[in-house]
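A.B. asks: predicted model, plus sequence, below.
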Amino acid sequence: MAQRTLTFTGDSAAEPGTRSDEVVLAISPAFADFFSQTIVGLSHADVIREILAGIEEQEVAARCIRIRHSSDLAVVAHTGAKLSGSGIGIGILSRGTAMIHQRDLPRLSSLELFPQSPLMTLETYRSIGSNAAQYAKGESPEPVPTLNDQMARPRWQAKAALLHLKETEQIRKNARPIEVVPDFGQIATVPGALGT
């Protein structure tokens, strides 16, 4: 299957942002590294492009960091929010689950949660970026509309568990978040639905 490639470059420690008009996009340990697609085969490159486009459309800056010490979505998103100059962060796992978080909320709370990764579309990811940017500007956007399918969990549970296991194997205990820059490559042929 042909898809655009994505790598994240950079290895300097992520520092707290100083811009009040930024959103931090925090990616999980295996995102666009061990894996290159979400659980339903959406290219990580396309997902990141859409999130960043949603942020940019609101005229807000975006900064990317990689979380290496956890594969827990709440930790990934909250860490991003704490490092964001605006206090707003987006966390995303390799399988596509996402969350918009705010620095001063408890870790297990969030502004918006997108738990059903099999139902996520590129349009949804763009809206996530847009909403996060609006929160960063002090606005109160309508929550991103999401689909709900009670059969999605049993249908995708085994694959989700495998992806989570593989993601968790990429954790580096006590490793600090690092600043990364997305590098979008040319279209390439990528074998396998898991992106490995």
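C.D. replies: Cool, the structure landed. Residues are numbered from 1 along each chain as shown.
A.B. asks: just the strands from the chain, written as ranges.
C.D. replies: Counting by DSSP state E, residue ranges of the strands within the chain are 2-9, 22-27, 61-66, 88-92, 98-102, 112-114, 178-189.
A.B. asks: so Gln102 makes contact with Gly87?
C.D. replies: Yes. With contact defined as Cβ atoms under 8 Å, Gln102 counts as touching Gly87 (5.7 Å). C-betas here are computed from N, CA, C, even on glycine.
A.B. asks: need the residues touching each of those two.
C.D. replies: Taking Cβ atoms under 8 Å, 6 or more residues apart in numbering as the criterion, Gln102 and Gly87 both touch Ala81.
A.B. asks: now render the strands of the chain as TSV, adding mean neighbour count.
C.D. replies: TSV is the format used below for these (neighbours: other Cβ atoms under 10 Å):
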stretch	mean neighbour count
strand 2-9	15
strand 22-27	28
strand 61-66	22
strand 88-92	30
strand 98-102	26
strand 112-114	20
strand 178-189	13
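A.B. asks: adding distance to Leu163 and mean pLDDT, write those strands out as a markdown table.
C.D. replies: Formatted as a markdown table, the strands of the chain follow (distance: least, Cβ to Cβ, whole Å; pLDDT from 0 to 100):
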| stretch | distance to Leu163 | mean pLDDT |
| --- | --- | --- |
| strand 2-9 | 17 | 80 |
| strand 22-27 | 14 | 98 |
| strand 61-66 | 17 | 98 |
| strand 88-92 | 13 | 98 |
| strand 98-102 | 14 | 98 |
| strand 112-114 | 16 | 96 |
| strand 178-189 | 21 | 82 |
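A.B. asks: that's all I had, so thanks and see you.
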